[in-house]
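Undergrad: return a 3D structure for these sequence lines:
(chains A and B)
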Amino acid sequence: NAGVTQTPKFQVLKTGQSMTLQCAQDMNHEYMSWYRQDPGMGLRLIHYSVGAGITDQGEVPNGYNVSRSTTEDFPLRLLSAAPSQTSVYFCASSYSLAGGWPGELFFGEGSRLTVL
Amino acid sequence: GEDVEQSLFLSVREGDSSVINCTYTDSSSTYLYWYKQEPGAGLQLLTYIFSNMDMKQDQRLTVLLNKKDKHLSLRIADTQTGDSAIYFCAENSDKIIFGKGTRLHILP
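TA: As a prediction, the model looks like this:
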């Protein structure tokens, strides 16, 4: 079982460049989400999706775009990278509980992004 | 909005019990979670408790929930060097919000 797959694992960008972090899951989970992890800040939610065609903002959405055209994929786009976006990014997915709320999160291995 | 607070560091001697505390704000949360992150790895679910429970025990792990005070704790009995990690408390609503994580350091 692949679980949650993130690519790339490492990326270096220059300020102003754009890129997309890919996330795919093969567990047929409705819920998918992106977090960033910074030292002393824990995990902060960027965007999340409760199903194909539905996305919503989390705690720190500025500078990031997402789309959810299929159940399996949830890419995170940085349109114009800034040094403040240097971080480790985690994609996570979950089955939906009754009422549609997420249950246990399954995490990818993370993507380390450096913006110079 | 939702907020989850936990202390950032805890040092415990090997063999002693570790207690990691957490407070949360969303009284409508149905599940509260403890995740563990080892160095260089992603997060893995350690245990969880349903909001209508007061306590859950799973081998060396005991979770206590005080819903009135919105306080959650994780007790690790007989702490071992392999327990050295960052422990995250999290609450769910239509999304899952994490605390900043408690780094558990084991003293010999």
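
Undergrad: what's the neighbour count on residue A:60?
TA: 18 (other Cβ atoms under 10 Å in any protein chain shown). In short, each C-beta sits where N, CA and C put it, glycine included.

Undergrad: so how far is chain B from it?
TA: Counting by Cβ to the nearest Cβ, to the nearest Å, the gap between residue A:60 and chain B amounts to 12 Å.

Undergrad: can I assume that residue is in contact with residue A:46?
TA: Yes - with contact defined as Cβ atoms under 8 Å, residue A:60 counts as touching residue A:46 (5.7 Å).

Undergrad: which residues do these two both contact?
TA: Both residue A:60 and residue A:46 are in contact with residue A:36, where contact means Cβ atoms under 8 Å, 6 or more residues apart in numbering or on different chains.

Undergrad: how far away is the residue nearest to residue A:73 when sequence neighbours are not counted from residue B:94?
TA: Once flanking residues are discounted, residue A:73 sits nearest to residue A:24: 5.2 Å by Cβ to Cβ, 6 or more residues apart in numbering or on different chains. Applying Cβ to Cβ, to the nearest Å, the value for residue A:24 to residue B:94 is 23 Å.

Undergrad: residue numbers of chain A in contact with chain B?
TA: Applying Cβ under 8 Å from any Cβ of the partner chain, we find that chain A lies next to chain B at A:33, A:35, A:40-45, A:48, A:50, A:56, A:58-59, A:90, A:92, A:94, A:97, A:99-105, A:107-110.

Undergrad: can you pull out the strands in chain B?
TA: B:4-6, B:9-13, B:18-24, B:31-37, B:43-50, B:55-58, B:61-66, B:71-76, B:85-92, B:96-98, B:102-107 (DSSP state E).

Undergrad: got the buried residues for the fifth one?
TA: Right, strand B:43-50. Within strand B:43-50, the residues scored as buried using 16 or more other Cβ atoms under 10 Å in any protein chain shown are B:43, B:46, B:47, B:48, B:49.

Undergrad: wait, does that strand contact chain A?
TA: Yes - Strand B:43-50 lies within reach of chain A by Cβ under 8 Å from any Cβ, at B:43, B:44, B:45, B:48.

Undergrad: repeat that for the last one.
TA: No - with Cβ under 8 Å from any Cβ as the measure, strand B:102-107 is seen stopping short of chain A, the closest distance being 9.7 Å.

Undergrad: what about the closest residue to residue A:35 other than its chain neighbours, which SS state?
TA: In space, and not counting its chain neighbours, residue A:35 is closest to residue A:43: 4.3 Å by Cβ to Cβ, 6+ apart. Secondary structure for residue A:43, judged by DSSP: H, G, I helix; E, B strand; the rest coil, is strand.

Undergrad: my guess is residue A:43 meets residue B:89, correct?
TA: No - between residue A:43 and residue B:89 there is no contact under Cβ under 8 Å: 10.9 Å.

Undergrad: so what sits against both of these two?
TA: In contact with both residue A:43 and residue B:89: residue B:98, using Cβ under 8 Å, 6+ apart.

Undergrad: tell me who's in contact with residue 13.
TA: Using chain A. A:19, A:78, A:81, A:113, A:114, A:115, A:116.

Undergrad: oops, I was thinking of chain B
TA: Taking Cβ under 8 Å, 6+ apart, we find residue B:13 in contact with B:79, B:106, B:107, B:108.
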